[in-house]
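Here is a sequence together with a model predicted from it:
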Amino acid sequence: MKTFKQYYQEQTTQSVDNWDKVVASSDELQAALEVLQKINSTGAEALIVGGAVRDIILGKTPHDVDIATNMEISQVADLFKSYNIGSSKDFGIVAVPYKGYTFEVAHYREEFGTTDARHPDQVRDVDSFEQDSARRDITINSLGLDADGTIIDYQGGLEDIKNGMIRAVGDPDERIKEDALRIIRAIRFAAKFGFDIEPETKRAVTELGHMLFRDDSNPDKTGVSAERLHDELFKMAEAGGPALADFLEKLDETQLLDKFLPEVKAMQGVEQQPEHHPEGDVSQHVLAALRASTVKDKPITTLAILFHDIGKPDTYELTPTDKYPDGKHTFYGHDKHGVQVFNKIADRLKFSNDERKAIAWVIENHMKPYKSSEMKPSKLLALKNNQYWPELKEVLFADIHSRGTQGEFAKGPEDYKNIMKDFDNRTAGLGDAEAVKTKLKQMVDGRMIMKLTGASGPEVGRIKDATTEWILNDNPNATEEEIKQYILDLTN
């Protein structure tokens, strides 16, 4: 007959399948296990904890491995060449550099109270991982893993992974009040892994969602910083378009989309011409475009897909025409206006200058490839040689592949291929960006123009621009003499 201890241990532990193979596949995991073994050799206990354990169970390669222990943190600092993370040593955390990786090592701890919905008012070291696991946000992040590949589970995380469920550890209201960012994290993890949110946790997320956002008119009201919301959005976008689409839908289900991204919420119900967009209104189109995307680990690209039509709600008009007497749905200038709308989002969520520049350029230029057959080769080349051309191509791919094949005039996969061929064929003789710049600098020089024509000031720039356009669009193989003659003809 099993003792209670044996029965309890069977319920809270499980070995990782193919442990040796898992370890062999990750240098970071091997290094982390050596850290564990070094701590364990002193008679203390150390475990890998949190997201790395979850990812191993899900068959993913672990990254950013965290470690928890009952060894005094000052002893950990002495055992390894470690350093503080800001004032984190006050919270029982040190950073341990080891074999090219840096591991956060924390003491098992409990946390009590919060006045700002972010930081605990009191942190107390504890002796057991069971106590430590009870303070964590959701069950799938509350698991521990020892050096032998045994998973320790006190909060039911293994069962929730098996059932595809996001569940708060303990009381969901208490967990959220401890750190309001847990609201958005619960939704992000559900979307990232395709899990459901357990009903009580979902209720708490919905009812306490207001805690996420600061109120400028009420300086006493706490809320999550724009920087932390920015980071959560980018982590979500890193998971790819389909996951971001699920994230937006779950935000909407919990009444948070219009608070977090009201500009995205505004796209709902904005009708489009069904023969061009059989997938539905602007919001449905954007969700379909995200789901059509095959890009992962490129948050800028995925967010550019999300925001590419962000200017449509404000530019919507229903205009009667001969063909559409009841009105045609139009969005003239939505690309340029979309940049203005996006910049408001970027301001609010503290996008970096590089992030803002990349996404804004894609929004402003996302309609141009559709007119490639009407554009001069020089304009095609300018798009193709821009540093954000890869992002623009991915947005075009998702935009076109979102529409299916039902619409009378809807673009389809063949249209995408044809547009790409048009770009390549019509710029084939022009070379890459650096080659073109070097060639033009050598052949169309300002000093040469002044010497040849006697021109000065702005007139030199006008002649240089006109000559450059002539070479790129009509005469990519022009000789030096032909170029000089063209310049002389311009001034006669």
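Everything's here; your move.

quick check, residue 246 in a strand?
No - per DSSP: H, G, I helix; E, B strand; the rest coil, residue 246 lies outside any strand segment and is helix.

Can you check what pLDDT the model gives it?
Looking at residue 246, its pLDDT is 98.

Check whether it really touches residue 189, as I assumed.
No - between residue 246 and residue 189 there is no contact under Cβ atoms under 8 Å: 11.1 Å. Bear in mind the C-beta positions are built from the backbone N, C-alpha and C, glycine included.

which sections of the stretch 251-400 of the chain are below the confidence cut-off?
Of all residues in the stretch 251-400 of the chain, none has pLDDT under 70.

For it, which segments are assigned as strands?
Along the stretch 251-400 of the chain, the segments classed as strands by DSSP state E, counting those that start in this stretch run 317-319, 328-330.

Parallel or antiparallel, list what pairs with the first one.
Looking at strand 317-319 with DSSP bridges, its partner strands are strand 328-330 (antiparallel).

contacts for the partner strand?
The contact list for strand 328-330, computed with Cβ atoms under 8 Å, 6 or more residues apart in numbering, reads 271-273, 315-321.

Of the residues you listed, which is the most crowded?
Ranked by the number of neighbours (other Cβ atoms under 10 Å), the contacts of strand 328-330 place residue 272 first, at 21 neighbours.

and that residue, how far is that from residue 288?
Here residue 272 is placed at a distance of 11 Å from residue 288 (Cβ to Cβ, to the nearest Å).

now the helices for the stretch 51-200 of the chain?
Under the criterion DSSP state H, counting those that start in this stretch, the stretch 51-200 of the chain contains helices at 51-57, 73-79, 129-133, 157-163, 172-178, 181-193, 199-207.

Identify whichever of those lies nearest to residue 445.
helix 181-193 (54.3 Å; Cβ to Cβ).

Residue 167 reaches residue 156, doesn't it?
Yes - here residue 167 lies in contact with residue 156, judged by Cβ under 8 Å, at a distance of 7.2 Å.

neighbour-wise, which of these two wins?
residue 167 (25 against 18).

Any idea how many residues pack against the nearest residue in space to that one that is not next to it in sequence?
Among residues not flanking residue 167 along the chain, residue 198 sits closest, at 4.1 Å (Cβ to Cβ, 6 or more residues apart in numbering). For residue 198, the tally of surrounding residues (other Cβ under 10 Å) stands at 20.

show me the contacts for residue 198.
Per Cβ under 8 Å, 6+ apart, neighbours of residue 198: 160, 165-168.

In contact with residue 50, which residues?
So residue 50 contacts 66, 136, 141, 143 (Cβ under 8 Å, 6+ apart).

Local confidence estimate at it?
93.

Kindly report the same for residue 434.
59.

Was I right to think residue 302 contacts residue 290?
Yes - judged on Cβ under 8 Å, residue 302 makes contact with residue 290 at a distance of 7.2 Å.

What is the burial count for the residue lying closest to residue 318 once chain neighbours are set aside?
Once flanking residues are discounted, residue 318 sits nearest to residue 327: 3.8 Å by Cβ to Cβ, 6+ apart. Burial of residue 327 is recorded as 12 neighbouring residues (other Cβ under 10 Å).

Could you tell me how many residues sit around residue 329?
Neighbours of residue 329 (other Cβ under 10 Å): 19.

again, but for residue 227
Neighbours around residue 227, by other Cβ under 10 Å: 10.

what's the spacing between it and residue 478?
Taking Cβ to Cβ, one finds residue 227 at 52 Å from residue 478.

Repeat that for residue 103.
Residue 103 is 61 Å from residue 478, where distance means Cβ to Cβ.

Please compare those two by neighbour count and tell me which comes out ahead.
residue 103 (22 against 17).

so the more buried one touches residue 94, yeah?
No - counting by Cβ under 8 Å, residue 103 does not reach residue 94; the two are 9.3 Å apart.

So for residue 16, which of the strands of the stretch 251-400 of the chain sits nearest?
strand 328-330 (54.2 Å).

just how off-centre is that closest one within its chain?
32 Å (Cα atoms, centre = their mean, to the nearest Å).

For residue 423, give me its contacts.
Applying Cβ under 8 Å, 6+ apart to residue 423 gives the contacts 369, 372, 380, 383-384.

is it true that it lies in a helix?
Yes - read with three-state DSSP, residue 423 is one of the residues of a helix.

what separates it from residue 38, distance-wise?
Per Cβ to Cβ, residue 423 is found 56 Å from residue 38.

now do residue 105
11 Å.

shared neighbours of those two, anything?
Each of residue 80 lies in contact with both residue 105 and residue 38 under the rule Cβ under 8 Å, 6+ apart.

quick one on the thing from earlier: dump the contacts of strand 328-330 into TSV; add distance to residue 127 as well.
Output for the contacts of strand 328-330, formatted as TSV (distance: Cβ to Cβ, whole Å):
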residue	distance to residue 127
271	62
272	61
273	66
315	62
316	62
317	68
318	68
319	72
320	76
321	76
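
ok, of these, which one's closest to residue 394?
Nearest to residue 394 among the contacts of strand 328-330: residue 272, at 21.3 Å, using Cβ to Cβ.

Next up, phi/psi of that closest one, please.
Torsion angles at residue 272 (phi, psi; degrees, to the nearest 10) stand at phi -130, psi 160.

I'd say it and residue 283 touch.
No - Residue 272 lies out of contact with residue 283 (Cβ under 8 Å); the separation is 10.1 Å.

so who does the spatially closest residue to residue 361 that is not a sequence neighbour touch?
Nearest residue to residue 361, sequence neighbours excluded (Cβ to Cβ, 6+ apart): residue 388, at 4.9 Å. Contacts here follow Cβ under 8 Å, 6+ apart; on that basis residue 388 touches 358, 361-362.

Residue 53 too?
62, 143-145, 151.

ok, now residue 304?
358-359, 362-363, 391-392, 394-395.

from these, which is closest to residue 81?
Once Cβ to Cβ is applied, the member of the contacts of residue 304 that ends up nearest residue 81 is residue 358, at 38.3 Å.

Burial check on that closest one, number of neighbours?
With other Cβ under 10 Å as criterion, residue 358 counts 20.

if I look at it, how far off is residue 244?
17 Å.

Not counting its neighbours along the chain, what's nearest residue 456?
residue 450 (6.2 Å).

List phi and psi for the one you found.
Per degrees, to the nearest 10, the backbone of residue 450 is at phi -60, psi -40.

Which pLDDT value goes with it?
88.

again with residue 443
75.

Likewise for residue 122?
67.

on that earlier part again, how about the strands of the stretch 251-400 of the chain, which one is nearest residue 278?
Using Cβ to Cβ, those put strand 328-330 closest to residue 278, at 13.2 Å.

how many other residues sit next to residue 403?
When neighbours are counted by other Cβ under 10 Å, residue 403 comes out with 22.

likewise residue 44?
Residue 44 has 15 nearby residues by other Cβ under 10 Å.

Likewise for the one 3 residues further on?
Using other Cβ under 10 Å, residue 47 is surrounded by 26 other residues.

and what of the one 4 residues further on?
With neighbours defined by other Cβ under 10 Å, the count for residue 51 comes to 18.

And residue 248, by the same measure?
Based on other Cβ under 10 Å, the number of other residues close to residue 248 is 23.

repeat for residue 245
Neighbours around residue 245, by other Cβ under 10 Å: 22.
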